[in-house]
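S.K.: sequence-free structure coming up:
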């Protein structure tokens, strides 16, 4: 799978299907659902087999699994359907289980193929892929803003909103409506009816998964932080209010507790580290820092509150990685002039995670902040502003912004950023030490999530967030949540590996002891108190 | 299982549970659903397993199947349930499949046991059994009149009623309401809530099965006579509108075409002829005569329109085997005085199938009809009446009946009866000849259905309906439809055998050729043209 841009709208008929290279991943092509067009033998006095069993027989003859079953409502419509279709029908069958199950029947040609929907249930953005399960190929992609944002910018505030009367239902319905809207739009662009989609796979963090399932996330954020369910099974579209083919099987990536969501399981499988011979790291920074260290035999996970500053909730100017977000910052060393880039080239509105990391790194590397994160610009300098919170660095002057106000980041916000990067480095150090390894023994360092797509590993190393390893060991995974969902739709191997990593992953309890606090304190400098850990990061004379 | 009477109402608290003797049938005790009372471990910081998986673990520890799944709506209620129950819960689990599935969860003690409902979906009468799946035992039984009778006395007229606008829905709802009423009444008599029933098994003819499933039976009665479905699978109570525990699995005995209903499959398993070493016959007479010949390796079935006269639809005085039906008739040879018995001792209202067979036999044996079925009583004889249809035999004089009118059977009705018995004998002869056997090679002759419970084999032999074999070869099965449903609830062996007989049964096409017509003509005399076939039937000089 190549990594296309982040289209807000589907490309439509001109979209070129991207074949899914399963062989390259060592995975088989065994879709969740397959379809066949068959001629059902009309009943006769000589053969009084029932209408339902005639369809099963015709599908078996065409290569379908033996002894499949059918939902009652499909059975009830068969007499009429056969008459309308003159016994020539298209049927989609869930084939990953024994016995198989008929999902949908239509007069031929019907949708013609088994199409499915893969969704990354991001807390900020929902990303959709329309998948042809049989080729297999990704037909198109699109994104929608998660409408839950209006009820709470971050996950935590949404969980609190869910506690209000009617709040949970509001959040559930908003999410389901948005998923239905995405399905309808991406299908419409290809002349398809979303009610002809016969499979879906959804990946998201544990709370988002609970919302789509209609489950309360209240236990997730309260001690002892347990989800209602880890591994949902046997779901259909109708059961969770999705307007796809009602009996379409819906896979939901399993979670392993509050911090290790299905998006992470997807990421692990997409990275392939569950088959690696040497230890690898997977890092996912969102509201929390989630890291997994492991290889074929074992997977050790740890998580901690680390990243709020990177998700747009904490820094006043922080925002999601959406159009108008500054996602790249460079400062020319001699002239101290700053250049930036925004997503989709829109007028700047704030900074997303990668923009904030870039800013922190470039400020440090150009000497505009010291190793403690304090501004070195003298009062009155044009790049220095004053806010209620004290001195701030002006990233974008007022006349260049959409709202006519400067985009500035205060020293206090820089400090929060530094705490975030320190937390991440502390977690990584704790995990790697816990198994007696050192960073240079890590073969690959997979970086997942939005964070991974846009952040330059050099910058993350420069601020001391990620260890100072050769850059070629860093592998961005892109939207591995969506990729994992796509793979689950088309490969039994992928589905098996999701369960395998889910079972294998063990949790490293991060005890907040003196040693950890010492490590954290040491990491609260740029790039680190112990400069020998970051030899590649240039020394700036402050 | 003993054969109790036919109670219209449950016996209630005083009912003595009848243990189900599975060992005696060579069957295992492996109920469809089992239940456990477990203490769920409350979540802690050390163990962040989700609420749903905690229940699964607790059930696994208690001996439940590994890796069971749960319906979403049960999962959604777990947080509250645990709080209310202080983590002590009762759960019922469907255990006949892998993975198992949680059906119901309640604070302990809940219903305390896995109770299920077995129903014989008779076209005239619905018979219910409340079953304790775990002991296993039948707790109580009861009967209800099938309320569909008001829309059509016999099955055929109901299928026609179903063609009217709204007709099908009326029939479906009437049946489902009656089943729900039966479940509620039998549970109420034992202080149980029907919504605590966690399993059901239903057996009935093909049309009744279609009604309970909500399927149109129109194709069943029209050439080429095919059902909509042969073997319904994966049903829950909620899916078919039964007010039991919503996720309770519902087994519906499979049919093999229009004539071979699930009641017959139940009968075959209850008879045990599917394991017999020597050939046996199973005979079920209802609207149609259905016969199966076979033994362990093979089962050959045939059916034909034969029995309407016996079901109450044809003879004017015919009626269902319900209170007030004359079910036994004897005529004293010397005095020609007639005595009769009614069901439940109620004032006589008509004759049920066994009463009609008795009457025919006794009239013949006492010389009141000749071998052609013509009355030998001279005009003016007190037992001879005259009707629009011609001469009739007065079974019950007017002053003894409920309605104050005599119960009489005309010569024409006697002729219809004789045609019915001739059809049955013809079918039996054709089937036995088709495999090169003779009647005396038949080891057992199982007689199923209402017909089998009340009809005296001696009488059926006397009229020439059943072959003249030693009477100990005739084995009445009683309500084998209900018995089979009960067995399916408690034994995996029984469930497997139902499928086995369903697969094994082959259909003998009855070609209406000259040979068959000759056979039928020869059987249209009392007991048969060829008296040597019925040596035990006394010769009466007419």
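M.R.: Perfect, I can see it now. Because the structure is predicted, anything quoted here is derived from the model rather than measured.

S.K.: next up, the contacts around residue A:224.
M.R.: B:43-45, B:47-48 (Cβ atoms under 8 Å, 6 or more residues apart in numbering or on different chains). C-beta coordinates here come from the backbone N, C-alpha and C atoms, glycine included.

S.K.: what of residue A:223?
M.R.: residue B:45.

S.K.: mind checking the SS state of it?
M.R.: coil (DSSP: H, G, I helix; E, B strand; the rest coil).

S.K.: look at it and report its pLDDT.
M.R.: Confidence at residue A:223, expressed as pLDDT, is 90.

S.K.: could you do residue A:150 as well?
M.R.: pLDDT, residue A:150: 95.

S.K.: and for it, the neighbour number?
M.R.: When neighbours are defined as other Cβ atoms under 10 Å in any protein chain shown, residue A:150 has 12 of them.

S.K.: what residue lies at the spatial centre of chain A?
M.R.: Nearest residue to the geometric centre of chain A (Cα atoms, centre = their mean): residue A:481, 3.5 Å.

S.K.: helix or strand next in line after the helix or strand of chain A with the lowest mean pLDDT, which one?
M.R.: The helix or strand with the lowest mean pLDDT-type score in chain A, counting by mean pLDDT, DSSP states H and E, is helix A:308-311 (a mean of 46). Next helix or strand after helix A:308-311 toward the C-terminus (DSSP states H and E): strand A:325-331.

S.K.: figure out how far the lengthiest helix in chain A is from the centre of its chain.
M.R.: Longest helix of chain A, by residue count under DSSP state H: helix A:411-434. Put simply, helix A:411-434 sits 22 Å off its chain's centre (Cα atoms, centre = their mean, to the nearest Å).

S.K.: name the element residue A:175 belongs to?
M.R.: Using DSSP H and E, residue A:175 maps to helix A:167-188.

S.K.: pLDDT score for residue A:500?
M.R.: For residue A:500, the predicted pLDDT is 97.

S.K.: likewise for residue A:454?
M.R.: Looking at residue A:454, the pLDDT reads 69.

S.K.: now the strands for the stretch 151-300 of chain A?
M.R.: Taking DSSP state E, counting those that start in this stretch as the criterion, the stretch 151-300 of chain A contains strands spanning A:197-204, A:235-236, A:249-252, A:280-285, A:288-295, A:298-305.

S.K.: isn't the residue nearest to the centre of chain A right next to residue A:202, touching?
M.R.: No: counting by Cβ atoms under 8 Å, residue A:481 does not reach residue A:202; the two are 9.3 Å apart.

S.K.: who touches both of these two?
M.R.: Common neighbours of residue A:481 and residue A:202 (Cβ under 8 Å, 6+ apart) are A:121, A:253, A:262.

S.K.: same list, those residues, but as TSV with neighbour count and pLDDT please.
M.R.: Listed next are those as TSV, based on neighbours: other Cβ atoms under 10 Å in any protein chain shown; pLDDT from 0 to 100:
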residue	neighbour count	pLDDT
A:121	28	97
A:253	29	98
A:262	32	96
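
S.K.: quick one: low-confidence residue ranges for chain A.
M.R.: By pLDDT under 70, the low-scoring segments of chain A are A:1-8, A:286-287, A:305-317, A:449-454, A:539-542.

S.K.: one more time with 80, if that's ok
M.R.: A:1-9, A:13-14, A:285-288, A:304-322, A:449-455, A:509-512, A:538-542 (pLDDT under 80).

S.K.: which element is the residue nearest to the centre of chain A on?
M.R.: Using DSSP H and E, the element containing residue A:481 is helix A:480-490.

S.K.: same question for residue A:385.
M.R.: strand A:384-387.

S.K.: which helices and strands does that strand pack with?
M.R.: Counting contacts by 3 or more Cβ pairs under 8 Å, 6 or more residues apart in numbering or on different chains; DSSP states H and E, strand A:384-387 packs against strand A:390-396, strand A:407-410.

S.K.: which of those sits most buried?
M.R.: Scoring those by mean neighbour count under mean count of other Cβ atoms under 10 Å in any protein chain shown gives strand A:407-410 as the most buried, with a mean of 24.

S.K.: ok, which stretches of the stretch 101-250 of chain A are helices?
M.R.: Secondary structure of the stretch 101-250 of chain A, counting by DSSP state H, counting those that start in this stretch: helices at A:155-162, A:167-188, A:206-213.

S.K.: between the second one and helix A:206-213, how many degrees?
M.R.: Calculated by axes from the mean of the first three to the mean of the last three Cα atoms, to 10 degrees, helix A:167-188 forms an angle of 80 degrees with helix A:206-213.

S.K.: now do helix A:167-188: everything it contacts.
M.R.: With Cβ under 8 Å, 6+ apart as the criterion, helix A:167-188 contacts A:9-10, A:115, A:117, A:119, A:121, A:126, A:128-130, A:140-142, A:144, A:146-148, A:150-151, A:158, A:161-162, A:193-194, A:196-197, A:202, A:208, A:211-212, A:214, A:216, A:240-244.

S.K.: mind listing what's buried in it?
M.R.: For helix A:167-188, the neighbour count (16 or more other Cβ atoms under 10 Å in any protein chain shown) marks A:167-168, A:170-172, A:174-176, A:178-183, A:185-187 as buried.

S.K.: what about the strands in the stretch 1-150 of chain A?
M.R.: A:18-19, A:33-39, A:88-94, A:101-107, A:115-121, A:125-132, A:137-145.

S.K.: on that earlier part again, between the helix holding residue A:175 and strand A:197-204, what angle do the directions make?
M.R.: 130 degrees.

S.K.: just checking: what are the partner strands of the next helix-or-strand element following the longest helix of chain A?
M.R.: Going down the chain from helix A:411-434, the next helix or strand is strand A:444-448, by DSSP H and E. Strand A:444-448 has its sheet partners listed here by DSSP bridges as strand A:280-285 (parallel), strand A:474-478 (parallel).

S.K.: tell me which of those strands is the most buried.
M.R.: Of the strands paired with strand A:444-448, strand A:280-285 is the most buried (mean count of other Cβ under 10 Å), at a mean of 27.

S.K.: so how far is that one off the chain centroid?
M.R.: 13 Å.

S.K.: that one vs strand A:298-305, what angle?
M.R.: 20 degrees.

S.K.: which of the contacts of helix A:167-188 are close to chain B?
M.R.: A:214, A:216, A:240 (Cβ under 8 Å from any Cβ of the partner chain).

S.K.: ok, the nearest residue to the second one once chain neighbours are set aside to chain B distance?
M.R.: When the adjacent residues along the chain are set aside, residue A:216 lies closest to residue A:168, with 5.6 Å between them (Cβ to Cβ, 6 or more residues apart in numbering or on different chains). With the distance defined as Cβ to the nearest Cβ, to the nearest Å, residue A:168 ends up 10 Å from chain B.

S.K.: got it, and residue A:123?
M.R.: Taken as Cβ to the nearest Cβ, the span from residue A:123 to chain B is 20 Å.

S.K.: ok, now which ones touch the residue of the stretch 251-400 of chain A found nearest chain B?
M.R.: In the stretch 251-400 of chain A, the residue that lies nearest chain B is residue A:257 (4.3 Å; Cβ to the nearest Cβ). Residues counted as contacts of residue A:257 (Cβ under 8 Å, 6+ apart) are A:206, A:225-227, A:230, A:507, B:48-50.

S.K.: spit out the contact partners of residue A:122.
M.R.: Residue A:122 neighbours (Cβ under 8 Å, 6+ apart): A:146, A:204, A:208, A:450, A:481.

S.K.: mind running it again at 7 Å?
M.R.: A:146, A:204 (Cβ atoms under 7 Å, 6 or more residues apart in numbering or on different chains).

S.K.: distance of residue A:79 relative to residue B:179?
M.R.: With distances taken as Cβ to Cβ, to the nearest Å, residue A:79 is found 24 Å from residue B:179.

S.K.: around chain B, which positions in chain A sit nearby?
M.R.: A:43-45, A:48-53, A:69, A:72, A:75-76, A:78-79, A:213-216, A:219, A:223-230, A:233-235, A:239, A:257-258 (Cβ under 7 Å from any Cβ of the partner chain).
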